[in-house]
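**Q** coords below, sequence missing:
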């Protein structure tokens, strides 16, 4: 027989009398089994069976829930045909049994197997008419809706389930019915009878008739909650990777952890840290807690989704964790703890909503614990995780849920520990950075001038601001150094690098500059000697191990000297920005100086420049951290600084604050130093000089000139010492120096005596023996005055000494 005919054969129908004999036969029976009416009518039904009939067949197979059975039938050609057989009793008008109507469907026929496949599908299947009335649903859909098929057929979805917040689902169904275009949708909602939100993936498509009209909308959906929440956890971890550790600040990192976890993962997160961690110190190691001892931590962060506000305290507040509490146990054991307010079980098994119950993760021993007491705090669950990094215990973190009914899962514990681990490393890095930064900043502040020295040549004000939080301390420094002859040196420098190395190197250079300044070297010579020193320091930093990287050491420096007598301003730069000079009328005074190479290059000269300044000129010395940032380059910054400097400002201290407010961005990445000075001119009446003839007979006249000038200044008490030192210095200049010889007296904060000559030979202090005729002059000068020295000039040298003057009466 043609198999194609068998494949397309309709269901067969036959009638069996009460004795089990076939009494009626349909043409479809011939198409399905090959038996004609003549062959089949009058035969016992059992002759058509290929196997013994089921017990009581067909009487026991009357129409009912289990009336359809798989029965093997015998084809006329001898083959066996598996068929679905249903028996339905027949009754007469008087209620007498007339037999059975039997229908036969071939098992392999598409409508039969499709109906069973759809009915038994584990996915929720449904068909709606264009008005979204139920036409058909399978058993899985009934379980999801908690309604039977009889309860939903013919009902509109929205009218049947008005309490469900699933407008996205019904709107999409309506859109498919209207447009005839298939669609896909992922929705998160709580099924009826469940306290847990589920994520469902749904596909929808139109069902068309032969003319192409949309007559229904079909859809299938499955619970993808496990996959959905796993993806949400990955998103939270990704957000944590970006959001935690953005700043090298302990409190900031703790707050980033709390903020990242709310509301995506928890409703309330608190972070408690040891005080030592907040101070940048080593945490207690190992932390041991005696029985009955309360552990006191500091609440560094707290974030809640309940009131959508940040609960982070402005300052960490103490939090006591009594002995035996969950937090104390976590700190003592180093293990996480999960608390649930109630046991979320269904049918005796742990259940976390459809899809989540199949979570492959397993709880570690001892978790979760049922703790009804947390319900008093309005919580449904809490995960407490010790905060550990590099083997050190830093504190404890608590993740709590209150607004959502979903219980924590084992995967949630893994996520909480991952979030805490990320934050712990970032907090420990911030702690270590804070400790090193504090050390470097303390070292640098100790090396910078604590107060500017008293002198009469300049009015001076200064500011030093370290880099902002998140950046290391640099090597910026400044100094004000009184020199001989009432002169003052102003110095600004910047060491390459950051941290302790830069601070220590800055201290070396500042000490070296002070030492060289005491020798009274001109600015260009001083920078040359300083350059040699930096080269030596660089060699000292080379590691003994060839496999270790070499230390980097370099610096820039600006060295200037102002003379209030001549009002000359000399300067030289080693790679450092030149100072801004604002004249009394507010215009900028240019200089012809060119910055030389930075210190540490070696072999290249430095250029010194000297300008004469009117009294009241404003000098601004600064480091590049003041003028350079991401928003502008150095030249733009210097132009902005020149605009901000207001020469008419009455107070240099106030002007410093104005400059910093205008020039520095909120987030500084480099140190900034500023040194402002307003020039003063020494009163000409406080300077007296006299040309000395190179003749020993001129010594008495020099003594007389000095004594008369000192008396004229009202300094009679200094006359005797002045007469002695002038006699010794002039005698030495006449005896060992070269003309011209010049004597100068300066009345400043001290009484200064200077003798200059054209010789470059410098005297030195030596100890005279008992019978030596000379050698006692400079020793006498050193004993009688508070300071003396030699400075070399292009014309020769100057020997000077200074006597401290009594403080004027207030």
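**A** Great, that's in hand. The shown structure was predicted, so the numbers you read here are calculated from the model rather than taken from an experiment. Residues are numbered from 1 along each chain as shown.
**Q** Got the phi and psi for the closest residue to residue 593 other than its chain neighbours?
**A** Of all residues not flanking residue 593 in the chain, residue 609 sits nearest, at 3.6 Å (C-beta to C-beta, 6 or more residues apart in numbering). From N, CA and C alone the C-beta is placed, and that goes for glycine too. Backbone geometry at residue 609, expressed as degrees, to the nearest 10, gives phi -130, psi 150.
**Q** Make 14 the starting number, not 1.
**A** Got it, first residue is 14 now, which makes that one residue 622.
**Q** list the contacts for residue 622?
**A** Residue 622 makes contact with 583-585, 604-606 under the criterion C-beta atoms under 8 Å, 6 or more residues apart in numbering.
**Q** Can you flag the buried ones in the residues you listed?
**A** 583-585, 604, 606 (16 or more other C-beta atoms under 10 Å).
**Q** Just give me the neighbour total for residue 736.
**A** By the measure other C-beta atoms under 10 Å, the count of residues near residue 736 is 16.
**Q** Roughly how far does the residue nearest to residue 606 sit from residue 115?
**A** Residue 622 is 120 Å from residue 115, where distance means C-beta to C-beta, to the nearest Å.
**Q** same thing with residue 101?
**A** Taking C-beta to C-beta, one finds residue 101 at 8 Å from residue 115.
**Q** Ok, residue 748 next?
**A** 150 Å.
**Q** Setting aside sequence neighbours, what's the nearest residue to residue 39?
**A** In space, residue 39 is closest to residue 26, 4.5 Å off (C-beta to C-beta, 6+ apart).
**Q** mind checking the SS state of the one you found?
**A** strand (DSSP: H, G, I helix; E, B strand; the rest coil).
**Q** right, and it touches residue 103 too?
**A** No. Using C-beta atoms under 8 Å, residue 26 makes no contact with residue 103, being 12.0 Å away.
**Q** so what's in contact with the two at the same time?
**A** residue 114.
**Q** Adjacent strands (with direction) for the helix or strand where residue 473 lies?
**A** Using DSSP states H and E, residue 473 sits within strand 471-478. With DSSP bridges as the test, strand 471-478 is paired with strand 685-692 (antiparallel).
**Q** Quick one: name whatever helix or strand follows the partner strand.
**A** strand 700-705.
**Q** For the stretch 464-613 of the chain, give me the ranges with low pLDDT.
**A** By pLDDT under 70, the weakly predicted segments of the stretch 464-613 of the chain are 481-487, 510-513, 551-566.
**Q** Break down it into its strands, ranges please.
**A** For the stretch 464-613 of the chain, the strands defined by DSSP state E, counting those that start in this stretch cover 471-478, 488-495, 501-508, 568-576, 581-587, 593-595.
**Q** Distance check, residue 537 against residue 692.
**A** Distance from residue 537 to residue 692, by C-beta to C-beta: 21 Å.
**Q** before we move on, the earlier item: now the strand holding residue 473 against strand 568-576, angle please.
**A** 160 degrees (axes from the mean of the first three to the mean of the last three C-alpha atoms, to 10 degrees).
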